[in-house]
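>>> structure for the following, please:
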Amino acid sequence: MTKRNFGFSTRAVHDGQAPDPQTGAVNVPLYLTSTYAQEEVGKHKGWDYSRAGNPTRDALEASLASLEGGANACVFGSGMAAIMALVTLLRTGDHVVCGENVYGGTTRLFNQIVVNYGIEFTYVDTSDPENVRRAIRPTTKLVHIETPTNPLMTLTDIRAVADICHEHGIDMSVDNTFMSPFLQRPIELGADIVMHSTTKFLNGHSDGLGGVLVGTRPEHKEKFGFVQKSTGGILSPFECWLVLRGVKTLAVRMKQHDENGRKVAAFLAQHKKVKKVFYPGLPQHPQHELAKRQSYGFGSMMSFELESFEAAKELLRSVRLCILGESLGGVETLISHPATMTHAATGAAMRARLGITDGLVRLSVGIEDADDLIADLDQALAKL
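Got it, this is the predicted structure:
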């Protein structure tokens, strides 16, 4: 059996994480060093300075490339640093087609920083692949999507959009943070680059920031590695070690996240004080069949709509087990208010156009006992 034929759980434990050949340690050592002793001028053991390379970082990059089915990976100090590295592929005059309902920090970066360098962006509803086709120009160099979207859980048909991109010789990048490679692998469906905030499910323990770009061609490693070295926005060895630790349990965690997500979504969907639930695992979700076709589960991310901002605030005040906070993907259940948190920078007009109401609540369901989470939400909803 070749290495590539091993199952996902086996690769999550072993790929990039072989025992240390010097000591036999079963965990990748934490190499806390800024520089490396060289044997002579121009001769070293593969590393010369930790901004350019570190053995702990190398191990993580090998692990994440394997899990996404990519050829290579480069990790960065945050998910936003990874997105910034992605746009370094572009030049003045280039054009990007981007999903209109992506993470608010992504549009903030594009609209307030990257546009100043003469790069243009068009935002479209990528749930209809033809919207992408219509937005493509002769100068389009990249299509960037997020699926499911944050926070309305709208899906994009990855294969359909990838086919359109490749017809035009355009790279397609996918933010796969919400699903993790356990539940969705965009490269299998034709994506060229996959991005994650490793802060979320890959790490899984809410104790470190990070980002990754997984590429499919040798030039991706060359270009993104050059960005690491030149800009210095690297992931520290300790946080690389944290993600390596998290990845080993990714499969078992995601199974529990997925199981709990389905149960909590089903509870919310039948509750009389909840107007609407956005979760692809529900049969009533308009893209439920697409979710079954392109993913290996439905995950634990969802949003639900209450009657008003006041109702949302009261719910967020009343939960006891669910933790009010930014971020997602940890073993603990996190609850948030997109309009004032993740998508505050989007602006009221854009939120209204996208359907992000003041009564919308986002939930990242953790791995606690599902019955306890449901009881917590039930008691909070009873106070509305």
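
>>> now the strands: where do they sit in this structure?
Using DSSP state E, the strands of the chain run over residues 72-76, 95-99, 120-124, 140-146, 171-175, 193-197, 211-215, 276-278, 301-305, 323-324, 334-336, 360-364.

>>> and those as TSV, adding mean neighbour count, mean pLDDT and distance to Ala160?
The C-beta positions use only the backbone N, C-alpha and C, and glycine is treated the same way. Output for the strands of the chain, formatted as TSV (neighbours: other C-beta atoms under 10 Å; pLDDT from 0 to 100; distance: least, C-beta to C-beta, whole Å):
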stretch	mean neighbour count	mean pLDDT	distance to Ala160
strand 72-76	25	98	25
strand 95-99	24	98	14
strand 120-124	18	98	14
strand 140-146	23	98	11
strand 171-175	25	98	11
strand 193-197	27	98	17
strand 211-215	29	98	21
strand 276-278	20	98	21
strand 301-305	25	98	22
strand 323-324	14	98	37
strand 334-336	22	98	31
strand 360-364	25	98	27
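
>>> would JSON lines of the ones you listed with distance to Leu354 be doable?
Compiled in JSON lines, the strands of the chain are given as follows (distance: least, C-beta to C-beta, whole Å):
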{"stretch": "strand 72-76", "distance to Leu354": "27"}
{"stretch": "strand 95-99", "distance to Leu354": "11"}
{"stretch": "strand 120-124", "distance to Leu354": "10"}
{"stretch": "strand 140-146", "distance to Leu354": "12"}
{"stretch": "strand 171-175", "distance to Leu354": "16"}
{"stretch": "strand 193-197", "distance to Leu354": "20"}
{"stretch": "strand 211-215", "distance to Leu354": "24"}
{"stretch": "strand 276-278", "distance to Leu354": "12"}
{"stretch": "strand 301-305", "distance to Leu354": "12"}
{"stretch": "strand 323-324", "distance to Leu354": "22"}
{"stretch": "strand 334-336", "distance to Leu354": "16"}
{"stretch": "strand 360-364", "distance to Leu354": "10"}
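
>>> so for Gly24, which of those strands sits nearest?
Among the strands of the chain, the nearest to Gly24 by C-beta to C-beta is strand 72-76 (25.9 Å).

>>> hey, C-alpha coordinates of the closest one in PDB?
C-alpha atoms of strand 72-76 as PDB (Å, rounded to 0.1, in the frame of the first residue of the first chain):
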ATOM      1  CA  ASN A  72       2.500  21.600  -1.400                       C
ATOM      2  CA  ALA A  73       1.500  24.000   1.300                       C
ATOM      3  CA  CYS A  74       2.700  27.200   2.900                       C
ATOM      4  CA  VAL A  75       1.600  28.300   6.400                       C
ATOM      5  CA  PHE A  76       1.300  31.900   7.500                       C
END
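
>>> could you tell me the angle between that strand and strand 211-215?
Angle of strand 72-76 versus strand 211-215, following axes from the mean of the first three to the mean of the last three C-alpha atoms, to 10 degrees, is 160 degrees.

>>> could you tell me the end-to-end distance of stretch 47-60?
Separation of the first and last residues of stretch 47-60 by C-alpha to C-alpha, to the nearest Å is 16 Å.

>>> in it, what counts as buried?
Trp47, Ser50, Gly53, Asn54, Pro55, Thr56, Arg57, Asp58, Ala59, Leu60 (16 or more other C-beta atoms under 10 Å).

>>> now do the contacts for the nearest residue to the last one once chain neighbours are set aside.
Distances taken as C-beta to C-beta, 6 or more residues apart in numbering place Cys240 nearest to Leu60, at 4.4 Å, with adjacent residues excluded. For Cys240, the contacting residues are Asn54, Thr56, Arg57, Ala59, Leu60, Val75, Gly210, by C-beta atoms under 8 Å, 6 or more residues apart in numbering.

>>> so what's the last one closest to, chain neighbours aside?
In this case it means Gly210. Thr198 (3.7 Å).

>>> was I right about the one you found contacting Leu213?
No - between Thr198 and Leu213 there is no contact, the gap being 10.7 Å when judged by C-beta atoms under 8 Å.

>>> my read is that Arg137 contacts Val96, right?
No - counting by C-beta under 8 Å, Arg137 stays clear of Val96, with 10.1 Å between them.

>>> make a markdown table out of the buried residues of stretch 47-60 and add distance to Ile158.
Shown next, in a markdown table, are these (distance: C-beta to C-beta, whole Å):
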| residue | distance to Ile158 |
| --- | --- |
| Trp47 | 36 |
| Ser50 | 35 |
| Gly53 | 32 |
| Asn54 | 32 |
| Pro55 | 33 |
| Thr56 | 31 |
| Arg57 | 28 |
| Asp58 | 29 |
| Ala59 | 28 |
| Leu60 | 25 |
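
>>> I'd like those as CSV, with pLDDT and distance to Arg217 appended.
Shown next, in CSV, are those (pLDDT from 0 to 100; distance: C-beta to C-beta, whole Å):
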residue, pLDDT, distance to Arg217
Trp47, 86, 24
Ser50, 93, 26
Gly53, 94, 20
Asn54, 97, 24
Pro55, 96, 24
Thr56, 97, 25
Arg57, 98, 21
Asp58, 97, 19
Ala59, 98, 22
Leu60, 98, 20
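
>>> if you look at those residues, which of them are in helices?
Among the buried residues of stretch 47-60, DSSP state H puts Pro55, Thr56, Arg57, Asp58, Ala59, Leu60 in helices.

>>> next up, the contacts around the third one.
In this case it means Arg57. So Arg57 contacts Val75, Ile234, Leu235, Pro237, Cys240 (C-beta under 8 Å, 6+ apart).
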